[in-house]
Every structure is written in C-alpha cells, then in structure tokens.
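Trainee: Sequence first, then the predicted structure, then my questions.
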Amino acid sequence: MSAIGWYNGTLGKPDEMTVPMNDRAVYFGDGCYEACVAFGTRVFALEAHFDRFFNSLRALEIPFRTDRAALKAILTDCLKAANEPCAVLYWQASRATAPRTHAFPEGGEPNLLVTVTPKTLLPPERTLRLVTTEDVRYAMCNVKTLNLIPNILANEHAKRSGADEAVFVRDGLVTEGSHTNVYILKDGVLYTHPADNRILPGVTRRILLGLCREIGVPVAERAFTGDELIKADEVLITSSTLGVRRAETVDGVPVGGRAETIFNRIASAYERIFSKEMRA
Ligand code: PDD
C-alpha cells in the first residue's frame, strides 16, 4: 500500500480526504500532534510519545476522550492499512469543530487525524549541515502544538541555504532545532538546553540522556552559546525521524570531529535500543 489518512473513523488516501472547514485545527491550529517512526505495526518509543501527547492535551485543556489503548488500536489499524516497511506515523488532535471564536466553543468533540507516510531513513553515517537563526518563538515550546510557523520558516531558510536543519538561538543561547534537539560534546560532557518552556522535550532526547547516563557519558542540562556550538568537540542533533546524528557544519563553518569515539559510543547505544525495539 502507500500513504494512509484517517479522520474521525474514516480511512482513505490523504490527498483525497477532506476535513470540515470548522475544524479548529484549520483556522487556529488549535491542537497538538506527535510524529514517530514505524516499521510495519511496530512504533518506536510509542509510550513516550503517548506521555508527551497526553501532556500536550492537558496543557491545551483539550477534552480528548480516547484513552491510550483505544488510540493505540486506531494507530495500529492505520499502520496495518498502510502496510509499509518504514513510515512516519503522525497524529493530531484538535479541540473541536465549531464556528470561529477565540474562546473554547461550547460542546463539540475533539477531532483525531492520523497519517502514515512511507519513509526512507537517512543512512546513519549521514552528517548534517546546520544554519543558525533567531528563535522568535513563544514561551510554550514545550507543548507540541500545531503552531509551527517560526519552525517552518526556519527550516525553509536552512533549505535555501543548502543546509539540512536550522538551529534556533535566543539571547545568544542555543535552544533547539526547527524540528530537532541540539547538543554539544565538550571535554567529554554532553550539554543540552534544559527541558523548560523554550524547547520541546524530545522523545529521542529523553532516550539519549538516559543512555548517556548508562554508558557513563556525563550530561549537563545547561544552555550553551552559539560560540560554544562552533567550538564544540562534536555537535549532535536528534529527532524521531533522524535518530542521533553528528553535524558537520554550522553556518558553513566545519564543526566537531574531535570526539568521534564518544559520539560513536552514544550513537551505537541508541542504534542498539532502536533495533532491539523494532525487531522485538
Ligand atoms: N519534530 N524539537 C522540535 C521543535 C520538534 O518539532 C521535534 C520533533 C523535536 C524532536 O523531538 P522527538 O525526538 O520527540 O522527535 C525537537 C517532529 C519529528 C516533527 O515535527 O515532525
């Protein structure tokens, strides 16, 4: 099969399916989402994505009534219908379908939209080119809302610059990427921005920090500057779809390459967890 779309119980081809104009996702982006990697019906770190999804729903006060088990059953049905060896599983919940008023509408049930899109993962050795850009986002970056305008503008800027990803810098400090988390290795320590309201608490980040502690790589959740990024022993990028990767340039300047052994230990530890879960 190929890409699959699902909306409130109807399955079809995403390009051909329609959603009501009054779905609040359409005119307000009033909802939240998750994106994961799936091999067949096996989803990597699904429970961690559920944790974050239900946290986002709580933060937005969306009265989503589908519980984890029911949601998992819907997602599995979509994955079965797509029957793809490797895909991105995406789902979003919006508050309701109702005429446009800023305050929450009276009544109305949340909407659930799911897509399964075939995906070819980048080979693990592929390094990334980064560009820095000002972080103009708001103070709710910890909630995975549908409001991604600064992220898409930043990522388009990266693309136009011949790079793979844009790295946000706020008041001189690196926060995260347009759709990734960012880290540096310096003198054997892994640094990354604390999981506060300035970044999304990445599922890959959570796994990475846990396994660094396991394999004895010290972790410091403290923000670093753009200058520290350039001078780092290694620059690391993570996301569900990219896994754990090394950056090769920032704004066209070569970076890292000075702590390859530690990077390789971290990346192989992640690869082991990923393969184990996806083969189990
Ligand atoms: N993006 N930061 C931002 C702003 C993100 O959008 C993402 C994920 C991450 C990494 O989170 P995780 O490790 O849970 O994927 C960090 C997804 C992949 C997306 O929007 O498609």
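Mentor: Cool, the structure landed.
Trainee: Residues in a beta bridge with the closest residue to residue 164 other than its chain neighbours, which ones?
Mentor: If you skip the residues right next to it in sequence, residue 164 has residue 128 as its closest partner in space, 4.4 Å away by Cβ to Cβ, 6 or more residues apart in numbering. No exception for glycine: its C-beta is placed from N, CA and C like everyone else's. Taking DSSP bridges, one obtains residue 247 as the residues bridged to residue 128.
Trainee: Make sure residue 128 is actually in contact with residue 244.
Mentor: No. Using Cβ atoms under 8 Å, residue 128 makes no contact with residue 244, being 11.0 Å away.
Trainee: rewinding a little: which ones are touching the residue nearest to residue 164?
Mentor: For residue 128, the residues meeting the contact criterion (Cβ atoms under 8 Å, 6 or more residues apart in numbering) are 163-165, 237, 242, 245-248.
Trainee: what's the pLDDT at it?
Mentor: The score at residue 128 is 98. That number is its pLDDT.
Trainee: Adjust the sequence numbering to begin at 28 for everything that follows.
Mentor: Okay, residue one is now 28; in that scheme the one you just asked about reads as residue 155.
Trainee: okay, now the closest residue to residue 286 other than its chain neighbours: neighbour count?
Mentor: Excluding its sequence neighbours, the residue lying closest to residue 286 (Cβ to Cβ, 6+ apart) is residue 260, at 3.7 Å. Using other Cβ atoms under 10 Å, residue 260 is surrounded by 18 other residues.
Trainee: quick one: residue 242 from the ligand, how far?
Mentor: 19 Å (Cβ to the nearest ligand atom, to the nearest Å).
Trainee: related to what we said a few turns ago, of the contacts of residue 155, closest to the ligand?
Mentor: Nearest to the ligand out of those is residue 269 (Cβ to the nearest ligand atom; 7.8 Å).
Trainee: who are the neighbours in contact with residue 117?
Mentor: When the contact criterion is Cβ under 8 Å, 6+ apart, the partners of residue 117 are 60-63, 141-144.
Trainee: do residue 143 as well
Mentor: Contacts here follow Cβ under 8 Å, 6+ apart; on that basis residue 143 touches 30-31, 65, 105-106, 108-109, 111, 114-117.
Trainee: Okay, and which of these map to strands?
Mentor: Secondary structure assignment (DSSP state E) places 31, 65, 114-117 from the contacts of residue 143 within strands.
Trainee: Can you tell me which of the residues you listed is nearest residue 48?
Mentor: In terms of Cβ to Cβ, no member of the ones in strands among the contacts of residue 143 lies closer to residue 48 than residue 117, at 21.1 Å.
Trainee: what about that closest one, distance to residue 252?
Mentor: With distances defined as Cβ to Cβ, to the nearest Å, the gap from residue 117 to residue 252 amounts to 34 Å.
Trainee: Assign a three-state SS to the most far-flung residue of the chain relative to its centre, would you?
Mentor: Using Cα atoms, centre = their mean, the residue of the chain lying farthest from its centre is residue 133. It sits 31.7 Å away. Following DSSP: H, G, I helix; E, B strand; the rest coil, we place residue 133 in the coil state.
Trainee: ok, now how distant is it from residue 126?
Mentor: Distance, residue 133 to residue 126, using Cβ to Cβ: 11 Å.
Trainee: what does residue 265 give?
Mentor: The gap separating residue 265 from residue 126 is 41 Å, by Cβ to Cβ.
Trainee: Of these two, which one has the most company?
Mentor: Under the neighbour definition other Cβ under 10 Å, residue 265 and residue 126 were set side by side, and residue 265 has more, 25 against 9.
Trainee: Work out for me the element residue 120 sits within.
Mentor: Assignment of secondary structure by DSSP states H and E places residue 120 within strand 114-121.
Trainee: partner strands of the helix or strand following that strand, parallel or antiparallel?
Mentor: Going down the chain from strand 114-121, the next helix or strand is strand 138-145, by DSSP H and E. Strands that pair with strand 138-145, judged by DSSP bridges, come out as strand 31-34 (antiparallel), strand 114-121 (antiparallel).
Trainee: before we move on, the earlier item: turn the contacts of residue 155 into TSV, including distance to residue 208 and neighbour count.
Mentor: Conversion of the contacts of residue 155 to TSV gives the following (distance: Cβ to Cβ, whole Å; neighbours: other Cβ atoms under 10 Å):
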residue	distance to residue 208	neighbour count
190	17	21
191	15	23
192	11	22
264	7	24
269	10	20
272	11	22
273	14	23
274	12	26
275	18	16
